Structure formats: structure tokens, C-alpha cells
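Participant: Turn this into a model:
(chains A, B, C and D, ligands or ions: 4)
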Amino acid sequence: MLSAPSTSLSTSELLSLYRKMVQIRRTEEQLARAHQSGAIPGACHTYVGEEAIATGVCANLRADDVIFSTHRGHGHALAKGVTPRAMMAELFGRVTGVSAGRGGSMHLFSPEVGLMGTSGVVGPSILLATGAAYTFKLLGTDRVSVAFFGDGAVNNGAFHEGVNMGAIWDLPVLYICENNQYATEVPFASVSKTTDVAERARAYGLPSYVVDGNDVLAVHAAAAEAVRRARAGEGPTFLECKTYRTRSHSEGMRDAGYRTAEEVEEWKNRSPITKLREYLISERLAPEEELARVEAEVEAEVDDARQFATSSPWPDPATVLDHVYSA
Amino acid sequence: MLSAPSTSLSTSELLSLYRKMVQIRRTEEQLARAHQSGAIPGACHTYVGEEAIATGVCANLRADDVIFSTHRGHGHALAKGVTPRAMMAELFGRVTGVSAGRGGSMHLFSPEVGLMGTSGVVGPSILLATGAAYTFKLLGTDRVSVAFFGDGAVNNGAFHEGVNMGAIWDLPVLYICENNQYATEVPFASVSKTTDVAERARAYGLPSYVVDGNDVLAVHAAAAEAVRRARAGEGPTFLECKTYRTRSHSEGMRDAGYRTAEEVEEWKNRSPITKLREYLISERLAPEEELARVEAEVEAEVDDARQFATSSPWPDPATVLDHVYSA
Amino acid sequence: MRELTFSTATREALTEEMERDPAVFVMGEGIGERGGNWGTTVGLFERFGPMRLRDTPIVERGFTGLCTGAALVGGRPVVDFMFLDFLLDGMGEIINQTAKLQYMSNGRLTMPIVFRGCIGVGHSAATHHSGNYYPMLAHVPGLRVVVPSSPYDAKGLLKTAIRSNDPVFFLEHKSVLGVKGQVPDDEYLIPFGEAAVVREGRDATVVAIGWMVHQTLKSCDELAKDGVSIEVIDPRTISPLDTDTMLASVKKTGRLLIVDEDYGPCSVGAEIAAQVTAKGFDDLDAPIMRINGAFTPVPYAPPLEAAVVPNPTSIALAIRDLLAE
Amino acid sequence: MRELTFSTATREALTEEMERDPAVFVMGEGIGERGGNWGTTVGLFERFGPMRLRDTPIVERGFTGLCTGAALVGGRPVVDFMFLDFLLDGMGEIINQTAKLQYMSNGRLTMPIVFRGCIGVGHSAATHHSGNYYPMLAHVPGLRVVVPSSPYDAKGLLKTAIRSNDPVFFLEHKSVLGVKGQVPDDEYLIPFGEAAVVREGRDATVVAIGWMVHQTLKSCDELAKDGVSIEVIDPRTISPLDTDTMLASVKKTGRLLIVDEDYGPCSVGAEIAAQVTAKGFDDLDAPIMRINGAFTPVPYAPPLEAAVVPNPTSIALAIRDLLAE
Ligand SMILES: Cc1ncc(C[n+]2csc(CCOP(=O)(O)OP(=O)(O)O)c2C)c(N)n1
Ligand SMILES: Cc1ncc(C[n+]2csc(CCOP(=O)(O)OP(=O)(O)O)c2C)c(N)n1
Ligand SMILES: [Mg+2]
Ligand SMILES: [Mg+2]
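Facilitator: Numbering: from 1, shown residues only, chains lettered A, B, ... in the order given. Ligands and ions are numbered 1, 2, ... in the order given. Presented below is the predicted three-dimensional model:
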């Protein structure tokens, strides 16, 4: 596993990582409550516990770089620059949402900031991201493409075909596997005889590393090097970020039987937010009050987003056939 | 690479391997001529140069074991026990063919002898064979299932999903990759950053070996151990058999541009038939005359098959809708 | 007779068939200990163990192909796609292997396999979890396609599906899963290719599919208050398709509306309209009408979602239009 | 004007568009140096190099998804499936991603992508290399489907396809590849959704698709000897489908036959029959007839293969039956 390097990030960069992780966490908590109250009509898979990955990766990206995400995509959307307002409104099904209410949780689109879509289907993000990278290379740009996906996607043919194409054609793409150890209730160990996803990826002949996915600095550093390589035309990199989701697979689903309460508790104690917070304080990079201020600001931002979502209008059914075709 | 072990096979077993390889070679040569003359209306992919693999593997199988094959399946069909008559008649489109003329070269079916089908599509053999193995295990039998496929199938999702399922569920299946180094005109090296297919397979956590696919004794020995494991409930084995096709991808296609005449010549000199022939003679296991007798018998058998095919009736168009459904 | 939900009825059918025949097994994601995303297999893992209730990795193509191979040598797989949308990755196997192997082997192989999965628009499931797909499947020779609407039909047809030696798609609209209805105590099977007249009437015939049967019945109740008498037919199986029952009804009513949540182009409704017009031309007093789901990916927001599918009001409106023709 | 084969015409279209726009690239198996299994790209690799003529591993799902992603950020991929049958492994990507992303993004993304591949029965290609699939594709909102029959149409429609911002399937029946016809020297484009009246007549209308256009024209020549005058319409694009041209013709002739090599159930012919009956009921002097390929996997042996598709004789017979109604 790559260990967290002594960081070269400035305090303001560190604070901005902190702010982003807190923003994701608070937004997810609001969404979970909203789902319980019935304000979110569809499915809702939260990213609680995994915030370091999207945050650490996306902090290395430019606005014109693109990411492709999964069913568990709220964190990716926020990390790439979607506002809590636009995201929450989407889950509430409002016309002010990122997808104007067409999408919901699993279909968030914001090409303006490089979020090229979350997906209700497991797997496609890998292929789509590889394709965007193909165009970037074809057109001679230095833009970078990122695929996020879970351990559940690793056994799927899309992984195999996609990562291999990225490798053989040296495309500017990052493959970020968020290995939270379960696909719904299925442990990765029960569907793979090899323990590390990175080991599987190495079979395609691309640089492939295991990263502590609950350590935003470790993720940031690994992604920085991967982005550098991609931009420099040196090809793709594979990062397996070991992590854990501390809420149920999706809101409203049972979360017992397949994992122990102790296991969940243990990982709650390894929260990436707490980890960075403690680091910032112990290294005297930011005083507790400043962190509290960030937290309060985020709290207010997310409250505002919820209000915004709640009070936004529904989409007009008369527009339902718009945009099936481009012209 | 597994080296050819000093063999424990009896002379009659060795001769039967020799006879089978010669039978495949002669049949293919007849088919090639028939294709040139227009007697075969569809595609025809020959197995010339690769005879040792089907022969070495299938010699270890019982009649109730099953194999699943590819577009290049004549050798597998003959090795599993289809007669040259029934196979040739099929390629001629006659009702006496193994598939009663419904199939042609790429759709040979003879469940009676365990040939569960060749396929016009690259990939499915891996999944189907894994599935037959699943039933064998479910029903508590000791039957074994074999998937044959080319290097071209290795990058396909079917390989990834199939081999992994075979591995995680310890199924009685053999994965036999016939790596003849090209998929049509595409070199394996251009579509994979790793050289050995076996290395890719190891990522699934099953025993995986490289075998000299032009040495029937090496193939036989490796397959014997794989079949033993499968029958004993010890799970699947992966064998990458390195080989070469010495004719064009399919009859009538060009065979220049993508490989050199020298390369082809070199591999022609490594014919598995010549290799076994020389071994039998040098080890004084069989006199030259006996081998010549085998060759003559096969020649006669294949001539007869061609006559049979030529003189067989066409299928009756009135039957064309039969067997779309079972009842 | 007992009142059961649709889901309980299918679980009963599956359990009985698994008890009857040790070659029957289920494969899919979360169908083991978890009991299935839709409760299709609750309680069965404890009874039949992991070989017969096999949780898979996320490899829809893979286990489609695997189960096809399993069926060739004596296994009788029930493939549980959870959402039918996920079948799409297995289309190559289904069309080129599953559907063809009986024919290509000249009848020497059989293909006893059932594919099941939830279909349909509703509950803001959004675009990747709302597909229907049955006309695509009905277009393929070698496949059978079942779309039941009641617990009674579901149980009898699922048992027939599992005993069939042909590949069968058994498609369950997510809105019918909770529908209740009478189910006999004793065993029964329902043959494929027999439509059910679920309501008799004389002014017009409505053929409705799956969940639309229930929506149509609601509109008929409304219309009955005005003395309008509608005959409602549920084809139950889409392939084979029983047009004789439809033709007999049209002979009586002279008018036909087809109500289908799925898209219009090249749909089952188009097929029914084409066949009934061809064979019942002289019985028709008006052109056949169709109402279908809007031709668009399925949106998420409730007001948009509601706008893309027929409902009792729009169905009643269509019936009135048809009667006015 | 010059006489070109269908294949040459499409190669010309592709070359012109690749010259015009550096974002256009081709991906598929053997389309690089080899020039394509059907010669679709002969000579282009030398000119445009490997990034724009990309030979792939055998990963139809993979490159379908890859090209979909490529199209989202300014690439304009032409995916060459060789045989369209191989598209089936990519159905999940096509239906759930390619077809939906414009809609799901509320129009902020476009999807300029062309999928091409050979379709059709013939030459003992057998069951894995003979599929048609266009009704399945036409059933999916968000896709365009083109099935040209002449060099002129092929060139003009392929250029439109490559410039379109929608995903387009461009399907080439293997028997039309060698068909010759006049093609203008100057550039032209043919819009989607405009059927062509390829032969004028007054006694009956025949709508024929792809290769069946040529088979139908042969039977019309025969029938003309007996003074029978048939109007033949080639829809050219299946989605969008131009039924107006058909309705106008039926208004004149009163009779319609649809000739389609593909399977009957839930087919394009069913859709045309349903629509034309609904909108042209009073113009019809007889029920619409359809002839289709036999509902079976495609067999190999020449006499079996010939038995599953319409031919000039069976078409002529059907026309005579229709006229006798
Ligand atoms: C192709 C496909 N099959 C099945 C599903 C149902 N499904 C949704 S999420 C999920 C588990 C995904 O696990 P993983 O990739 O590890 O992501 P995680 O939920 O753990 O973040 C499954 C099986 C799906 N969405 N797509
Ligand atoms: C899914 C699919 N894609 C493409 C093809 C066309 N095709 C036929 S054979 C072949 C090459 C196969 O190469 P390999 O697997 O190495 O087998 P070999 O011909 O070398 O024995 C290709 C691409 C196919 N049959 N199926
Ligand atoms: Mg996971
Ligand atoms: Mg090869």
C-alpha cells in the first residue's frame, strides 16, 4: 500500500480538502434524512465514509477534466464542483436540479464542471472514461479523464475490456476503484480468489497501486502522480482505494446479516474527516476554531441547499419529450 | 512453460494420438480443397498446425465429458469423436452432417459424443463450458467440461467473467487457450501489454500454465493433471497452449501483410505431427511402416468422408421450421 | 383458495418446483441469504443451500452464458436479473446461444432455462431501472415471453416456465408485485399461448399488458357508470401470442384498443394491430387504436414519470375516442 | 455522375467526412491496415493513421462504451461492427448509455456516433452472421436507424449520419454491398425520415426494406409483363419512419404489402401496418399484407437458407394474392 507522503500541500489547500469532505458528509446526511421523510422519491446511495477518495482525486483535476461515476455518485459530483443546491434539487426531482429532474441520484450530469454522469448500471463508467480519454488523445489536448467504480465492478467484463484498452493505447485516464469490500451485501472475498483489486489490474500491464482510501492525503498524492502521468502522455494509472461505507448500501435497506456491528464501528472510527481534522490540529496547521468555522459554513450551505431543493418547482410535464434527439 | 514429461503412455495410446492428429490434418486439407472448389458454401477456418491441442486434451476425456469450441472447431469435433463423414457432410450443407445442415463449419453439434457446439461468435465457449461444469457439480457427477478458445477471446469480457466464476466456485472445467498469436490479423502483443495469457489468468487465482501447444505429449500430460483435478473436485485449471496456424485465418482470405513468410515457414517446421512421428521413430516405439499404414488408413477414411459428403442429400426445406422450440 | 400477493405466489411456484426437481437452481445477485432484491427467494437459501441459490458477482453476461451451458447438460436454471434492465449485457448470449442451440443442434439439445426480472415504469426508479424490453425478446425465434398480471397467472405460468424445455422470460412489472388475488391450494399449471378475458363486455375490446391490465380495469369501472361495457383481454404470454382470443372478441365488439406501457414503435401492440387487422379486417368498425408509453428514456421526477405512461384517465379517454370513431 | 458500388460509395462518404473533420475516427476489428472485413476502410489507414483507424481487440461491448464516451467530449466515432451480430454484446451500453445520455443530461451532451455493420441472410453465413436487428433498435428512443439499398442513398445517408449529433445505426445488407448505381460527383446529403418512391405504380404499394427493395423490383418487372403496375417504396430510414409517403401511395393504390427479410413479430412491418391502418383505414381496399423471413434461427445449407427469406417469386405471389383480395 502506498503510504501517506509528507504532504506538500499548502494550508489553504488542506483546508479546502477538509471543507470538501465535510460538505460531502453533511450533504449525504441531509439526503438520508430527506429520503427517510419521503422527500426523495427514488433510490439514494450515500458516500458516507468514502469522502476522501472523490475529494483527493478531484482536487487534482481541472474544470475541463472529466469524471464518470457510479450509483454512489454524490461525492464525486460535489468534489468535481456541482453545488449542494443543484445536487439536492435533483434528488428531490426538481427542475433546478443538475439534470433538471430527469435523473435523480443515479443520473447526475453536469458537463459544465466535468461531471459526465453518474450511472444506475454498474460498469459503464470504466468504458466511458476510457473513451473520453481516447478523444483527448486524438485531439491532442492534455485533458484527463477519470473512472470511478466499486469493487463490485471489478469482475464485470466492462472492467476487463476497458482497463485493457486504456493500457494498450496509453490513454490519459485514471481508474479509481473504491473498494469498500462489499457489493451490496456480497463481500469481495467471496467473488474473487485474489485479495487486492490492484493485483488483478496489474495483469493489464499498467501501474497499479493500493491506497488507503480513508486518507485523503494519500489519495491526493497518488492521484497527483497519476494525473501528471496522464497529462504528460505517459498513460493510465490504476488506484485501488481501500475504504468502507458506514451506512447501508442504499437508504432504507437493511444493514445487518452480512457484516458485524463491530466492523462498521471500527470503520466509523477511521473516518477520513476525523483523520484529517486530527492531522491539521496536531500539526498545528489549522486551529480548532477555524475548522469549526468551516464546519459551520458548510452546515449553513447545506441547509440552504435543502431549502432551495424543497422550494424549487417541479419540472413541467409538457417538456418530457425534449432532448430525446439533438435536433 | 511446462516441459514434455517422459511419457507414461502406451504405444497404442501414442499411435492413437498420432492417428487423430493425422486425421485432423488430412480432413482439413480436404476441406480446404473443397472450399476452393466451391463445395463448401460458407466460411471454413482450418486447424492446420494446431492439431496437438485438441488431440492431447480430448484423449483425456470420457464420452460423457463435454467440450465447447470456437469458429476454428473442426479439430475439436474430430478429437471428441465426430466422424470425418459427419463433419464433412455438415460443411457441405448436407442432411447427413452433424447438425443436419443447419450449422456449417461454425455450428457443429454432436451431444452424443460430448461436442456441445462450435460457435461463430468469439467468447461464449468459456461461459457455456463453465455452466456445464456448474451442472456437473450441482448434480454430484464427476463429469468434466472443457472450453477451447483463442488468444483473441482473452481480452473479451466473457473470458474475464467466465474464468473468474469457474475459479471462485471450484468448478470442474478446463480453460484451454489456443494462443496462435493472432486474432485474424491482429497480433496478441498489440492488444495486451502482458505476453503470456497464463499470466492474465493467474489473476483469477486458479492454477495456470503455459504449455507447448505443438507438443501433443506436453498437452496430454498437462490436460491429464487438469482433468484429474477437475474430476476430483479440486477445481478448474487454465492451460495456455502456444501454437500457430499455418494456413490463412479462413479459407480464401489473404495471408500476407501481417506476418512474414519466414515466420510461417518456421512454424510449419514445428508441425506437431512431424514432432510425434520423429519421436515415435527415434524412440523405436513404432516402425516407419506402421506410421505409414496409419496415414494410409486415414487417407482412405477421409477420401471416403468426402465421397460421402458429396453424395449425401440436401436437407428438405420443408423441415426448416423444425426444432425452433422443443415441443 | 387463499389470497396471496403476486410475489408470494411466484415464490410458492419456485419453491414447489425446486422441491420437485433437484436440477432446478437459481442464480443472481443477492438471491442467496439475502432472499432477492424483490424477495423472490426469501427462505430458500436455508432450505436448498448455496449450489441451488447461487449469489453471483456482477456479471450479467457471464451468468447468462453460464446458465445457458448449465441447461445444456441437465441443469434447470432460473436466472434472476433483479431488474430486467441488466439483461442487456447478456443479449449476445441470449440471442446467439440460448435462443438458437435447440435449433442448431437439430433438436438434440434442449434449453430448459427461465430468465426473470422486474420491468416497468414507476416509483421514480429512473432510466436504468424502468425498462420493458418484451417486444425485443418476442422478436427472437426460440424464446418464450411471459408477462403475467395476477398472482393466479403468475404462479401457474412460472411453474409452466420452469418445466418447459424452452428458454422462457418471466417478466414482473414492479407495480404488480404487491397485487393480491386468489390462488388455489392445489397444484395447477397454465399453458403458454392462452390469453385471458379478464372482463367481459360488448362495446369495445381492450388488450392490456402486465400492469396496464389493472389500470385498464380501473378505467372500465369508471366507464361502466356511464353504461359503457368494455371487454378486457390479458395476453399473458407475448410469445406465443394468442390472437384468436382477440379476434373472437373483436368479432363481437368491432373495436380494439391496445394499452401498453412500453414504447410504440415495433411493439407488441403493433404486432397485435397488424395481425388483428389482417385477419379481422371485416369485423372492425373502426381502425385499431394503440396507446403506449411516451417515446423517451424514462425520467425520474414524479410529474415527468407520470407523464410518460398510460393511466386510468388517459385509457378511459382513449376508449371514448375509440367509441366515437 | 459515376457508377459506383454501394461499398465504394460508403467509402467515399467516410473519406470525405474524415477529411472534413479531424474528430471523426473509426474503431473496429480489422479496420486498420487490413481495410475492414468488407473493405469499408481500404486505403484510409495509410492516410489517417492508427488513432483515426483503430484496430481493436475483440471487445464489442468495450469499444461501444469507449466510443460512447469519446463522443461525449468532442470525438465523432464510427464504430464498425463488421457483422452487426456482434453488436449484441454492446446492447447494454447502447440502450442505457448511448441512446439516453442526451436526454438524461437535458440536452447538454450530444452523441455524435455512428454504428455500422453488415446485416442479412445470404451466402451461407449461418446463424451467427445473418442477423438484422433493426426493429429492436427502432424500438429504442434516442437512436436513429438507417437501412439503405442503393449506392446513392448509402453515400448521402452515411454523410448525414456522420454529421448528426444523434447516435445512428447504419446497416448494410451483405447482398447490397456489390450493387451498382449512379452517384453524383458533387457533395450531397440525404435527410433522415424521407422514404423514396423507387418505382411508381397504381395497382398496389409495396414497402420493401434493404435488399428486399431489389428483390421486389425484380418481381415487379415480371408482373409488369402482365400489366400489373406496382409502386415500390423504400423507407431508407427505419427510425424516423416516413409513413406519410406510404399513406400517400396507399391513397392512390388502396393496397399495401410489406416485404421484409427480418422476422415478423414486433417488426418494422408490424409498425408500418399498424400505422397505415390507423391513419389510412378508409383508403384501404384490402387488409395490409406482410411477408417476412421465417421465424427461425438462420440455417446454413443453401436450400434451407433460401427457404427462410422472401424472393422475387414469393414476393410476386404475395402481390397477386393481395390484388385478389
Ligand atoms: C449491471 C448491474 N447489475 C446489478 C446492479 C444492481 N446493483 C446496484 S449497486 C450494486 C453493488 C455495487 O457494488 P460496488 O460496485 O462495490 O459499489 P458500492 O455500492 O459498494 O459502492 C448492484 C449489484 C446494477 N446497478 N447494475
Ligand atoms: C464477438 C465476435 N467478434 C468478432 C468476430 C469475428 N472474428 C472471427 S474469428 C476472429 C479472430 C479470433 O481470434 P482468436 O480467438 O485468436 O482465434 P483464432 O482465429 O486465432 O483461432 C474474429 C475477430 C467474432 N466471430 N465474434
Ligand atoms: Mg463495493
Ligand atoms: Mg488466435
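Participant: can you pull the contacts of whatever residue of chain A ends up closest to ligand 3?
Facilitator: Ranked by C-beta to the ion, the top residue of chain A for proximity to ligand 3 is A:G150, at 3.7 Å. All C-beta atoms are positioned from the backbone trio N, CA, C, and that covers glycine. By C-beta atoms under 8 Å, 6 or more residues apart in numbering or on different chains, the contact set of A:G150 is A:70, A:72, A:122, A:177-180, A:183.
Participant: In a markdown table: those residues, plus secondary structure and distance to ligand 1.
Facilitator: Listed next are those as a markdown table, based on DSSP: H, G, I helix; E, B strand; the rest coil; distance: C-beta to the nearest ligand atom, whole Å:
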| residue | secondary structure | distance to ligand 1 |
| --- | --- | --- |
| A:T70 | coil | 6 |
| A:R72 | coil | 4 |
| A:V122 | coil | 4 |
| A:C177 | strand | 9 |
| A:E178 | strand | 6 |
| A:N179 | strand | 7 |
| A:N180 | coil | 5 |
| A:A183 | strand | 3 |
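Participant: of all these, which comes closest to B:L127?
Facilitator: Checking the contacts of A:G150 against B:L127 with C-beta to C-beta, the nearest one is A:V122 at 18.6 Å.
Participant: Count the residues that sit near that closest one.
Facilitator: When neighbours are counted by other C-beta atoms under 10 Å in any protein chain shown, A:V122 registers 26.
Participant: C:R108 too?
Facilitator: 16.
Participant: quick one on the thing from earlier: okay if I get the contacts of A:G150 as TSV plus distance to chain D?
Facilitator: Formatted as TSV, those follow (distance: C-beta to the nearest C-beta, whole Å):
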residue	distance to chain D
A:T70	13
A:R72	17
A:V122	10
A:C177	17
A:E178	19
A:N179	22
A:N180	23
A:A183	17
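Participant: before we move on, back to that, in the sheet, who's paired with the residue of chain A closest to ligand 3?
Facilitator: A:E178 (DSSP bridges).
Participant: how much space between the closest residue to A:L280 other than its chain neighbours and A:R277?
Facilitator: Leaving aside its chain neighbours, A:L280 sits nearest to A:A286 (4.4 Å; criterion: C-beta to C-beta, 6 or more residues apart in numbering or on different chains). Per C-beta to C-beta, to the nearest Å, A:A286 is found 9 Å from A:R277.
Participant: repeat for C:L217
Facilitator: Taken as C-beta to C-beta, the span from C:L217 to A:R277 is 59 Å.
Participant: With C:L84 instead?
Facilitator: In terms of C-beta to C-beta, C:L84 sits 45 Å off from A:R277.
Participant: for chain C, what are the nearby residues on the stretch 201-327 of chain A?
Facilitator: The stretch 201-327 of chain A comes close to chain C at residues A:257-258, A:314-317, A:319-321, A:324, as judged by C-beta under 8 Å from any C-beta of the partner chain.
Participant: okay, those in TSV with secondary structure and distance to B:R293 next?
Facilitator: Shown next, in TSV, are those (DSSP: H, G, I helix; E, B strand; the rest coil; distance: C-beta to C-beta, whole Å):
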residue	secondary structure	distance to B:R293
A:G257	coil	69
A:Y258	coil	66
A:W314	coil	87
A:P315	coil	83
A:D316	coil	87
A:P317	helix	84
A:T319	helix	83
A:V320	coil	79
A:L321	coil	77
A:V324	coil	72
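Participant: quick one: which of those is most hemmed in?
Facilitator: With neighbours defined as other C-beta under 10 Å, the most crowded of these is A:P315; it has 26 neighbours.
Participant: That residue against A:V95, yeah?
Facilitator: Yes - assessed by C-beta atoms under 8 Å, A:P315 is found in contact with A:V95 at 4.2 Å.
Participant: Now the common contact residues for the two.
Facilitator: A:101, C:301.
Participant: wait, A:R270 sits on A:N214?
Facilitator: Yes - taking contacts as C-beta under 8 Å, A:R270 lies within contact range of A:N214: 5.1 Å.
Participant: Give me the common contacts of A:A286 and A:R277.
Facilitator: Common neighbours of A:A286 and A:R277 (C-beta under 8 Å, 6+ apart) are A:Y18.
Participant: So C:L84 and A:R277 - more neighbours on which side?
Facilitator: C:L84 (26 against 19).
Participant: quick revisit: who has more neighbours out of A:R270 and A:N214?
Facilitator: Taking neighbours as other C-beta under 10 Å, A:R270 and A:N214 compare with A:N214 leading, 24 against 15.
Participant: any chance you could read off phi and psi for the more buried one?
Facilitator: Taking degrees, to the nearest 10, you get phi -100, psi 10 for the backbone angles of A:N214.
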